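>>> Predicted model and sequence follow; I will ask about them next.
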Amino acid sequence: MRENCSYPGRRYGSFLRISRVMASLAMTAALLATPAAAVQPDEILEDPILEERARELSKGLRCVVCRNQSIDDSDAELAKDLRVVVRERLVAGDSNSEVLDFVVDRYGEYVLLKPPFTAGNALLYLGGPLLLILGGLAFWRMTRQRDLVVTDSAPSPLSEEEQRRLARLLDRDG
Amino acid sequence: MINELGHFALVLAFAVSIAQSIIPMWGAYKGQAEPMRFAQSAAITAFLLVGLSFAALTHAFINSDFSLRIVAANSHSLKPFLYKISGVWGNHEGSMLLWVLILTLFGGLVAALGKNIPPELKARTLSVQGMIGVAFLAFILFTSNPFDRLPIAPEDGSGLNPLLQDPGLAFHPPFLYVGYVGLSMPFSFAVAALIEGRVDAGWARWVRPWVLLAWAGLTIGIALGSYWAYYELGWGGWWFWDPVENASFMPWLIATALLHSVIVVEKRGTLQSWTVLLAIIAFSLSILGTFIVRSGIITSVHAFATDPERGVFILGMLGIAVGGSLILYTWRAPQLRSDAVFATMSRESALVLNNLLMSVAAAVVFIGTLYPLAVELVTGGESKISVGAPFFDLAFAPLMVLVLIVMPIGAALPWKRGDLPKAMTRIWPAVLLAFCGGMVFASLRWGGPILAPFAIALSFWAIFGVLADLGERVKLGKAPLRESLRRLANLPRSVWGQAVAHTGFGMTAFGVAAITAWASEDIRTARAGDVIPMASYEIVFEGVTREQGPNFEADIGRFTIMEDGEVVGEIASEKRFYPVQRDRTTEAGIRASLVEDVYVSLGDKQDDGSWAVRSYIKPYANWIWLGALVMALGGLLSLSDRRHRVGAPTRAKAKAKVVAAE
């Protein structure tokens, strides 16, 4: 249940309301409610290429009063303001990264839905690959050992000691 | 009166569960049959009592008994009958009661049907199941009593959240709960096995049906939620990497791993300790999901403080369940030895690889979901970050690509020791076909990202790989056709289950790839009579009318879809207003087909009298959910395999036959 950003009563602050809504939604998978998508017809830039860039950028920017929703998806007023800001910067000739810098300067890194790769976020980015590598190594060791077991399952040649004992036994029988 | 009976039954169930968790465990320890047998009657009694309680609550909702607090807060006399019923679990207290109902139902099923389970294992399993029941019943009774009365009953209720007044969402929670709670069964079996210090093929055979059932339930539940988001939210998004979604997705990923590793335990007697660990993790993630949703902690650490009682209670349960079972695991797991051997290229190792990829995928979702919380806690709220869809897409997609590549190869490898070149000769036509298919397909849908043809080819590979493997199994083209058909009919259900589920996975991957690559949209203001050109269609806006629903009023925008000058369909797109809750919802208008959905969503009325209209073409969208349903069907097919029919008298004989056939 994404907080419904359309209505003031459901804003971030009023948790009592949210908690009731949350409670009412039983463990739901995709509970996010923004009736009708966000971008309004009057916001759209005339230049389709700029508009395309604006949409791309919007998808990576968080609506700060919503729960994990991008400004591209949100109906909240603040999201709209930010969408307009992004478009203004683009029209002013900013590059994509300049627009992002501008927004981050104002709102902090909190608005980036994909956080930058920094020392603090290293675990976030490297956790998965690290686990994959460690798991892969464990897998490789495990099956390699088992390969050895498989190939070694043919009886190994007798050691000298064993051969002497065998010979003694054969002698005795003979 | 009935409400008090319901409450009383719940208290009794709590008492019975306490006895169920202690007496059989003690009996198993002492080796006494009588206390062990007690587990069965206790489990069945607990189910009947919780069932009584649930029936009482349902009665209150159907009859709109507004003297109950949750009925007054979540129901309304004018609400359609279906939503009066789904209102029972459309709130915190009732949904927890549904949770316990399913929990005790499964416990009761094991008690009633599991005649072949060794008495000690059965007693211990039911005892652990009883402990989970105690925890959740205590949670309900002490923090979330559904039978709480209001001092003065209001004249009418405040109504169910309009978003929940939808068939998709009405049945979403029960399916999801079958999944979450179903995973409690493997957990209980795992803990019981750890106490006994023995995991064998028999154990795996008792656990596997529960994993299959839970997994199928989760699959359907998640798909319903995703489909609901697609048509209800008005812009055709179907997955958002929202923490609440992730909460259900993590157990699914681990359950998928567990589903595969338990096969290895059953067939090859190895991977025991890993499988037990997965069973523990899977259920722990289910409780964690409950914690995430119930406490609101992910929304904000501060929100957690608003409702600490419930959050702390679940956190406590989580601590005991995870901590306790992991301590038991580290103590006992070294005793779970396996001596079966297999080579790098074998079905076992392919299944291990599946486990690795699924577990890492779950870990990625886990890290991404909890990282913002961790950062906020570590820095004392100084620094806040967001982790959203762009991150998850980046981190998750490569893992799924690997899964798609490996899946058909793994399924074609034999047990113990396989030969990759030999397996590849079996399925190389599928590789070729998939690659060509992907290219041809992409050229028909020109444009889109450069990776699109490869993504499509991968999903084709998953599907054709299944067909190639089936063809090989029945010696298609090598034996007379009649012989092949006979073999096809005689394939065990579990083989069919695998084939169907893998096909479903390929179908979902196909839908995801296509909708990601080729969806298009158009946002504009329009007046009645305007024509919106959209791909090969022309969408004619016929205007908006206001109509009255049972408990809402709706602005209905009507659209006619034309293709090559001919009418091919009509769409009604609604904006509903629920006066009781003063809330709005949208019902997007969709002309659904297997090729592409034409999706129109009515926006706000503009000052000049025109309407904001959003139109989308969503290519192959329905394959996403269709694939999920096919996956679940595969799980259920596997479940119906005769080996899993609990108490089947010809078990040993059937097993011998099935093994021979594989």
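Thanks, I have the structure now.
>>> tell me what the one helix or strand B:T256 maps to is packed against?
Per DSSP states H and E, B:T256 falls inside helix B:243-268. Other helices and strands packing on helix B:243-268, by 3 or more Cβ pairs under 8 Å, 6 or more residues apart in numbering or on different chains; DSSP states H and E, are helix B:172-182, helix B:201-232, helix B:272-295, helix B:347-378. All C-beta spots, glycine's among them, are computed from the backbone N, C-alpha and C.
>>> Try it again at 10 Å.
helix B:172-182, helix B:184-196, helix B:201-232, helix B:272-295, helix B:347-378, helix B:389-412, helix B:493-518, helix B:622-639 (3 or more Cβ pairs under 10 Å, 6 or more residues apart in numbering or on different chains; DSSP states H and E).
>>> Name the nearest residue to the most centrally placed residue in chain B, sequence neighbours excluded.
For chain B, the residue nearest the mean C-alpha position is B:L218 (1.9 Å; Cα atoms, centre = their mean). Excluding its sequence neighbours, the residue lying closest to B:L218 (Cβ to Cβ, 6 or more residues apart in numbering or on different chains) is B:G179, at 3.0 Å.
>>> Can you give me the domain assignment for chain B?
Domains of chain B are assigned by automatic domain parsing as B:1-165, B:520-620.
>>> Pick the most buried one from those.
Highest mean neighbour count among these (mean count of other Cβ atoms under 10 Å in any protein chain shown): domain B:1-165, with a mean of 21.
>>> tell me the mean pLDDT over that domain?
When pLDDT is averaged over domain B:1-165, the result is 93.
>>> Nearest spatial neighbour of whatever residue of the stretch 301-450 of chain B ends up closest to chain A, chain-adjacent residues omitted?
Minimum separation of the stretch 301-450 of chain B from chain A (Cβ to the nearest Cβ) falls at B:G388, amounting to 3.1 Å. Take B:G388 and drop its neighbours on the chain: the residue closest to it by Cβ to Cβ, 6+ apart is A:L113, 3.1 Å away.
>>> doesn't B:W241 make contact with the one you found?
Yes. At 9.1 Å, A:L113 counts as touching B:W241 under the criterion of Cβ atoms under 10 Å.
>>> More neighbours: those two, which one.
More crowded of A:L113 and B:W241, by other Cβ atoms under 10 Å in any protein chain shown: A:L113, with 23 against 20.
>>> Next, the more buried one: phi, psi?
phi -80, psi -20 (degrees, to the nearest 10).
>>> And it, how far from B:A363?
20 Å (Cβ to Cβ, to the nearest Å).
>>> swap in B:L224?
According to Cβ to Cβ, B:L224 and B:A363 sit 26 Å apart.
>>> Kindly report the same for B:A526.
47 Å.
>>> Which neighbours do A:L113 and B:W241 have in common?
Common contact partners of A:L113 and B:W241 (Cβ atoms under 10 Å, 6 or more residues apart in numbering or on different chains): A:N68, B:V387, B:G388, B:A389, B:P390, B:F391, B:F392.
>>> Where does confidence bottom out across the residues you listed?
By pLDDT, A:N68 ranks lowest within the shared contacts of A:L113 and B:W241, coming in at 75.
>>> B:D564 is in contact with B:Y537, correct?
Yes. B:Y537 is within contact range of B:D564, at 9.4 Å (criterion: Cβ under 10 Å).
>>> Could you chop chain A up by domain?
Taken from automatic domain parsing, chain A resolves into A:8-111, A:129-173.
>>> Which of these comes out lowest on mean pLDDT?
domain A:129-173 (a mean of 69).
>>> SS state for B:K384?
At B:K384, secondary structure determined by DSSP: H, G, I helix; E, B strand; the rest coil is coil.
>>> which residues does it contact?
B:K384 makes contacts with A:V64, A:G108, A:E109, A:Y110, A:V111, B:S300, B:V301, B:P372, B:L373, B:V375, B:E376, as judged by Cβ under 10 Å, 6+ apart.
>>> Tell me, how many residues neighbour the last one?
This points to B:E376. 17.
>>> Right, I'll leave it there.
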